[in-house]
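**Student:** Sequence and predicted structure are below.
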Amino acid sequence: MVRRTASILVCSVIILNFLGCANKQKKAIDFGNINQNVYTNTYFNLKVPFPGSWYVIDERSRAEESKKWLKMAFKNNENLQAAVDDVDVKNLKLFSLSEHPPGSPVSSNPHFLIVAENVSHFPGIVKGEDYHYHTKKMMELSKYEFSFPNEIYEVQIDSIKFDVLETEIIFGSDIYRSKQYVSILNGYALIFGLKYSNDSDLNKLESIINSISIN
């Protein structure tokens with residue numbers, strides 16, 4: 001069930017590529033590395049310590065899961081189906097981990113991910129709140145019903161300000177929640193995504209957020 005929501009935060013990536021897919025990244029980005037349970041990315045001067053017992057999701061699986069979910073979500077929109085095919089999702093997701101391996105027989109599986117999207121060709125996107133506007137518009141095109149329990153708000157992670165969008169989506173009797181932290185840095189929307197089912201899971205994910213070093 002958690003797998004179905006594995007790509008909610010990637011929706012905003014698709015809408016930006018759909019609107020301006022002819023624009024290519026002009027500068028290579030550092031996709032980072034992992035050493036002793038710390039993800040490091042020199043492009044953003046970013047360090048993310050994470051629990052050693054958590055499962056780091058491999059890049060190929062992330063890409064396949066993202067495209068599978070997006071094609072299902074937008075099956076009634078041919079243009080967006082084509083956009084999904086055009087986007088190389090694996091080049092956008094920098095890092096992803098969950099408490100348990102995907103598919104584990106557990107009632108909940110909190111998930112943390114980092115996404116970077118080149119927005120230099122969108123001069124109107126100057127802060128995270130602008131990026132969230134497109135995220136919400138894309139969600140409105142989905143066949144699923146998203147809700148937004150709170151207004152967008154600002155937080156500071158280390159020395160950088162991020163805007164936060166909270167979303168909820170219902171699958172049967174289950175409610176899945178997410179938080180999307182976004183800041184515009186070096187021509188990119190840097191996104192920290194938290195996906196969770198309950199407050200206990202959220203606390204675990206926010207402990208990762210609180211340990212991040214970025215400047």
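**Tutor:** In hand now; what should we look at? What you see is a predicted model, and the numbers here were worked out from it, not measured in a lab.
**Student:** from here on, contacts and neighbour counts on C-alpha atoms
**Tutor:** Will do.
**Student:** which residues of the protein score low on pLDDT?
**Tutor:** 1-28, 59-71, 73-74, 78-91 (pLDDT under 70).
**Student:** hmm, 90 instead?
**Tutor:** Residue ranges of the chain with pLDDT under 90: 1-33, 57-94, 102, 118-121, 137-146, 169-176, 186-187, 215.
**Student:** residue ranges for the strands of it, please.
**Tutor:** Secondary structure of the chain (DSSP state E): strands located at 33-34, 38-41, 46-49, 55-56, 93-98, 111-118, 146-147, 153-157, 160-171, 174-185, 188-196, 213-214.
**Student:** Residues contacting the last one, please?
**Tutor:** Contacts to strand 213-214, defined as Cα atoms under 8 Å, 6 or more residues apart in numbering, come from residues 44, 45, 46, 47, 48, 157, 158, 159, 160.
**Student:** Could you tell me which of these count as buried?
**Tutor:** 44, 47, 48, 157 (16 or more other Cα atoms under 10 Å).
**Student:** Look up the closest residue to the first one, ignoring the ones flanking it.
**Tutor:** On the basis of Cα to Cα, 6 or more residues apart in numbering, the spatially nearest residue to residue 44 that is not a chain neighbour turns out to be residue 214, at 7.1 Å.
**Student:** Relative to residue 46, how far out is the one you found?
**Tutor:** 5 Å (Cα to Cα, to the nearest Å).
**Student:** I'd like the strands of the chain as TSV, with distance to residue 132 appended.
**Tutor:** Supplementary listing: the strands of the chain in TSV, determined by distance: least, Cα to Cα, whole Å:
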stretch	distance to residue 132
strand 33-34	27
strand 38-41	23
strand 46-49	22
strand 55-56	26
strand 93-98	17
strand 111-118	13
strand 146-147	14
strand 153-157	11
strand 160-171	7
strand 174-185	8
strand 188-196	10
strand 213-214	21
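**Student:** coming back round to it: from the contacts of strand 213-214, pick the one nearest residue 134.
**Tutor:** residue 160 (21.5 Å; Cα to Cα).
**Student:** beta partners for that closest one?
**Tutor:** residue 157 (DSSP bridges).
**Student:** Could I get the contacting residues of it?
**Tutor:** 183, 214, 215.
**Student:** What is the burial count for the closest residue to residue 201 other than its chain neighbours?
**Tutor:** Distances taken as Cα to Cα, 6+ apart put residue 110 closest to residue 201, at 5.5 Å, once the chain neighbours are dropped. Residue 110: 23 surrounding residues under other Cα atoms under 10 Å.
**Student:** so who does residue 110 touch?
**Tutor:** Shown in contact with residue 110 (Cα under 8 Å, 6+ apart): 98, 99, 194, 195, 196, 197, 201, 202, 204, 205.
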